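# pasting the sequence and the predicted coordinates here, then a few questions.
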Amino acid sequence: MPRQKITHVYTFDELSEKARARARDWYRTWGIDSDWRESIYDDAERIGLKITGCSWDYNHVNATGRLLMSMDTVIDLIRKEHGKDYETTKLAEQFAKQRQKLTSEFEHGEEDELRDAMDRLEASFEEHLVEEYAALLQKEYEYLNSDEYIDEVISTNDYEFSEDGSRV
């Protein structure tokens, strides 16, 4: 004869604090969408930066990338796409000023020196811009793993748990 097993289920708000911690751990392991980086990658491409890699080192995001266009074009796209209070805009303005200063420092006949200086400036801009996007990825990762965000998602989706916080 078949046996019947009765399981009591709880909403997140009904769990003890210890059980809530276990429910959050479940969500961190299984609930976070693996495509969470895509919107940041897409934003980077819109302004001319390709994120070519992203990794975590002791809860710190490291990114690699390359400019898809000239520094001037990327700066113009950042000005167009991002607000003036964004760190990427501040960075773009800083490098635009450095470019302008470089151009005024070199005299006619020093094209090779100017080209080398501009190449170094563009490489530095690329490096700093990738660092800004790594910081954006870091902030997004931390937000998606915060207790506040996870509590809201779990409650909104009406997930149910056993008394100890295991997902049922």
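Received, thanks.

# what packs against whichever helix or strand residue 23 is part of?
Assigned by DSSP states H and E, residue 23 belongs to helix 17-26. Applying 3 or more Cβ pairs under 8 Å, 6 or more residues apart in numbering; DSSP states H and E, one finds that helix 17-26 contacts helix 147-156. Yep, even glycine has a C-beta here, placed from its N, CA and C like the rest.

# show me what the helix it packs on packs onto, helices and strands only.
helix 17-26.

# pLDDT on the helix it packs on, on average?
Helix 17-26 shows a mean pLDDT of 96.

# buried stuff in that helix?
Residues 19, 20, 22, 23, 24, 26 are the ones in helix 17-26 that count as buried (16 or more other Cβ atoms under 10 Å).

# okay, angle between the helix holding residue 23 and helix 147-156 too, please.
Between the axes of helix 17-26 and helix 147-156, defined by axes from the mean of the first three to the mean of the last three Cα atoms, to 10 degrees, the angle is 90 degrees.

# following element in sequence after helix 17-26, please.
Defined by DSSP H and E, the subsequent element after helix 17-26 is helix 38-46.

# other residues contacting that following helix?
Contacting residues not belonging to helix 38-46 are listed as 50, 51, 65, 68, 77, 81, 133, 136, 137, 140 [Cβ atoms under 8 Å, 6 or more residues apart in numbering].

# distance from the helix of greatest length in the chain to the middle of the chain?
Using DSSP state H to define each element, the chain has its longest helix at helix 111-144. Computed by Cα atoms, centre = their mean, to the nearest Å, the chain-centroid distance of helix 111-144 equals 15 Å.

# kindly report the same for stretch 137-148.
Its chain's average C-alpha position is 9 Å from that of stretch 137-148, according to Cα atoms, centre = their mean.

# first-to-last residue distance for stretch 69-89?
Separation of the first and last residues of stretch 69-89 by Cα to Cα, to the nearest Å is 17 Å.

# and it, average pLDDT?
Stretch 69-89 carries an average pLDDT of 96.

# which non-adjacent residue is nearest the residue nearest the centre of the chain?
Against the mean C-alpha coordinate of the chain, by Cα atoms, centre = their mean, the closest residue is residue 137 at 1.6 Å. In space, and not counting its chain neighbours, residue 137 is closest to residue 61: 4.5 Å by Cβ to Cβ, 6 or more residues apart in numbering.

# contacts only, for that neighbour.
54, 55, 134, 135, 137, 138, 141.

# run the last query once more with 10 Å
Contact analysis of residue 61 by Cβ atoms under 10 Å, 6 or more residues apart in numbering lists 37, 54-55, 133-142.

# show me which of the contacts of helix 38-46 is closest to residue 2.
Residue 2 lies nearest to residue 140 out of the contacts of helix 38-46, by Cβ to Cβ, at 48.2 Å.

# thanks a lot, catch you later.
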